[in-house]
Every structure is written in C-alpha cells, then in structure tokens.
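Asks: compute the structure for the input listed below.
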Amino acid sequence: MDRSLTAEAPGIEAFIRDLPKVELHVHLEGSMRPATLIELAARHRVEGIPGTPEEIRDWYEFRDFPHFIEVYLASVEALRDEEDFALLAADVAATLAAQNVRYAELHVSLYGHLMRGIPARVVFDGIEHARREAEREHGIHLRWIPDFPGDYGLEAGEETLDAVLRDGPDSVVGFGVGGIEVSRAPFTDLFGRARAAELHSLPHAGENGGADHVWEALDLLHAERIGHGIDSMGDERLVGRLRDEQIPLDVAPTSNLRTRAVDTIGKHPLPRMMEAGLLVTLNSDDPPMFGTDLLNEYRTAHGLGLGAPELATLARNGVRASYLDASAKREMITEIDALLARFPAP
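Replies: Got it, this is the predicted structure:
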C-alpha cells in the first residue's frame, strides 16, 4: 500500500472520498463498532467479550478463518433485543453514508440469532426501523441478505429460509450461505426454494475452500454473485466462465489478508482478476473486525497498482452488480464518469 503515500496520494484520496459507492458484501454483525460491542455486552452482562477498545483490537487478531468465525459468533452474543439490532444497523448506516456509500446490501447472520432463541421478527423489526430512519436522515438505501453458516448443515439453512419466508420484509433481496467453507452441493434444493420465492442466490464461495466450491455455487445454487471467489484464479476454465458470463465477484482484500486467505496484501489477486476481465466489486466484509472500511479498501486497491480509471471501474461494477433500480444505476454511473473526467490524467 506504499503507493498511496506518493505525490499522487492527495488527488487519489479526494477521488476515493468523492466516488459514489455501493457496497455489496458487508456483514451487519461484523460491522459492529468496538464501542457498541462493549456497550451491549455490558448491558446484557455477556461474558468473554473484552471491555476496552484496545482489548477488542487484540481480540481481533485472527490466527486463521476458523478463529475469526469463533470470535464473530462470540460477538453476536451481545445482540439480544430489537433495540440492539436497531442500534447496530443505525451505526452501520451512518458509517457507510459518511463514506459516500449510497446503497448497500448487508448480509445478516440470521441463523446465529435463531440458534440463540431470538425470533427472526425481533431481528427484522430492529434493522427495518434503522433502515427507514437511515434513508430519511442520510439518504442511504439498505437491503438485506439473510444467510446461514454452511458448516452447520442443511437444517440450519432450512430453518433460516423458513424464517425469511415467514417474517422477512420486502427489503430482503437475497439468500446466502457463509461460515467455514464446505461443499455447496447439499444446499441445491434449499437454494432452489429460495429462488422460487424470488430471492437472489448470493452465496460465499472460493474464499478459502477452492475453486470447486465456486463451480458448485454456479452450477447447483445458480449463484448470481459470488462472495469472495478469489480461489477462482487457480482454474483457467472457471475464470473464462466468470468472464464470459460477467458473474460478479464481491472481493474484500483486507478481509482476505486478515483471515489468512492470502499471505500478504501484495499477493492479493485483485489486479489479476481485473486484468482477466472479471466483473469485480470492492467490499469491506467485516470492517471493524478487520481494521478497515470501504474507503480503505479503495486505498488498498490503489496500493496494488490500480489508478483512478480502475477504481472508477470497481465503483461502476458495484453499481451494475447491485439490485438498485435501473434509473438509480444510470444516475450513479453518470456521477462516477463525471468525477473521473475531472480527475487529472497521469
């Protein structure tokens, strides 16, 4: 990321700040600020959660992906009632809006709450209240992607989808699977049922489980976007399919570094993915847990060698891969193009 410290940096920094953005791969629960986590843990007397921001930062030093999931699930214990979910969603909306994010599709770890006995209605009522307030206060539009951890098995997925179909608001746009990466094949019929209910298929795949899981997500789950998908780069035939069909891949470089999916940020395949003609979007995944945000992901992309035209392409890709309506997409892309036209050529 040293290139962000060159003489070009001030211009790039303003360009990144002013870019109209969408975010398509960010987890609601993983976006909880340390101060909010500490407040909720104290309110509900949740044990095992550090009590200071400094201790939280140390807690967020992940050994590997399973360790990240362990910490993630522990932090979710602090969310108990409708007011908690409203507070969290309001915080996240304000943080995104401050980065000039106009629209976001947030993954909601619904099964992580159902398994604790918290009804889906409590979750949805809380986040919907915050969504409506955020739209009025900040002008940001939020949509939801409930998901379940694949390593918990098919029953977890069925319980999650049942809850979504029963209690999910109109702002739910898709259905996902995440967690520790396992074969997507067992979820074929489950995702068929979700698609029949007009929910978009938005699974994680190829984050750290290999290209085979991306093939399964495409062929069996009929994925419309792939969460992460960086392992696709090891399979030339898969790269060709993703390029030819322009299937979006929601990439989060800092997340991949912090969960040890890549050894160093310099080894991240983002530039190669773009050179291969893939439709890549840029995302923050679980920003406070990874010490990042969407602005920083654009800085990181710049540090990997991407200039203003490529950053604008990432922003356009996000708009195109979103479920915004057509007119809103056109307006945002026009803004992105106008901003790029004003940026001095290298």
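Asks: strands of the stretch 201-346 of the chain, start to end?
Replies: Taking DSSP state E, counting those that start in this stretch as the test, the strands found in the stretch 201-346 of the chain are 204-205, 226-228, 249-251, 280-282.
Asks: redo the ones you listed as TSV? Include mean pLDDT, distance to residue 295 and mean neighbour count.
Replies: The C-beta positions use only the backbone N, C-alpha and C, and glycine is treated the same way. Below are the strands of the stretch 201-346 of the chain laid out as TSV (pLDDT from 0 to 100; distance: least, CB to CB, whole Å; neighbours: other CB atoms under 10 Å):
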stretch	mean pLDDT	distance to residue 295	mean neighbour count
strand 204-205	98	23	28
strand 226-228	98	20	28
strand 249-251	98	16	27
strand 280-282	98	10	25
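Asks: quick one, which of those is nearest to residue 48?
Replies: Shortest distance between residue 48 and the strands of the stretch 201-346 of the chain, using CB to CB, is found for strand 204-205: 25.9 Å.
Asks: what's in contact with the closest one?
Replies: Identification of contacts with strand 204-205 by CB atoms under 8 Å, 6 or more residues apart in numbering yields 147, 150, 176-179, 181, 184, 213-214, 216-217, 223, 226-229.
Asks: okay, the strands of the stretch 201-346 of the chain in TSV with distance to residue 84 next?
Replies: Below are the strands of the stretch 201-346 of the chain laid out as TSV (distance: least, CB to CB, whole Å):
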stretch	distance to residue 84
strand 204-205	25
strand 226-228	25
strand 249-251	27
strand 280-282	29
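Asks: of these, which is nearest residue 314?
Replies: Here strand 280-282 is closest among the strands of the stretch 201-346 of the chain (CB to CB), at 4.5 Å.
Asks: helices or strands up against the closest one?
Replies: strand 21-27, strand 249-251, helix 270-275, helix 294-303, helix 308-321 (3 or more CB pairs under 8 Å, 6 or more residues apart in numbering; DSSP states H and E).
Asks: quick one, the last one and helix 294-303 angle?
Replies: Relative orientation of helix 308-321 and helix 294-303, computed by axes from the mean of the first three to the mean of the last three CA atoms, to 10 degrees: 130 degrees.
Asks: let's number from 28 now, not from 1
Replies: I'll keep to 28 as the first residue from here, and by that count the last item is helix 335-348.
Asks: now helix 335-348: buried residues?
Replies: Neighbour counts using 16 or more other CB atoms under 10 Å place 335, 337-348 of helix 335-348 among the buried residues.
Asks: how about stretch 151-168?
Replies: The neighbour-count check on stretch 151-168 (16+ other CB under 10 Å) flags 151-158, 161, 165, 167-168 as buried.
Asks: how far does it sit from its chain's centre?
Replies: Centre-to-centre, stretch 151-168 and its host chain are 18 Å apart (CA atoms, centre = their mean, to the nearest Å).
Asks: just the residues contacting it, thanks.
Replies: Residues from elsewhere that reach stretch 151-168 (CB under 8 Å, 6+ apart): 55, 108-117, 120-121, 123-124, 128-131, 135, 169, 171, 194-196, 198, 351.
Asks: now swap in stretch 57-64 and tell me
Replies: Stretch 57-64 is contacted by residues 67, 76, 80, 83-84, 99, 102, 105, 114-115, 118-119, 122, 133, 312-316 when judged by CB under 8 Å, 6+ apart.
Asks: swap in stretch 73-90?
Replies: Under CB under 8 Å, 6+ apart, the answer for stretch 73-90 is 61-62, 64-65, 67-69, 95, 98, 101-102, 104-105, 285-287, 315-318.
Asks: hang on, the earlier thing: could I get the buried residues of stretch 151-168 as JSON lines with distance to residue 295?
Replies: What follows is these, written out as JSON lines (distance: CB to CB, whole Å):
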{"residue": "151", "distance to residue 295": "35"}
{"residue": "152", "distance to residue 295": "39"}
{"residue": "153", "distance to residue 295": "35"}
{"residue": "154", "distance to residue 295": "31"}
{"residue": "155", "distance to residue 295": "35"}
{"residue": "156", "distance to residue 295": "37"}
{"residue": "157", "distance to residue 295": "33"}
{"residue": "158", "distance to residue 295": "32"}
{"residue": "161", "distance to residue 295": "31"}
{"residue": "165", "distance to residue 295": "31"}
{"residue": "167", "distance to residue 295": "28"}
{"residue": "168", "distance to residue 295": "29"}
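Asks: which ones among the contacts of strand 231-232 are found in helices?
Replies: 240-241, 243-244 (DSSP state H).
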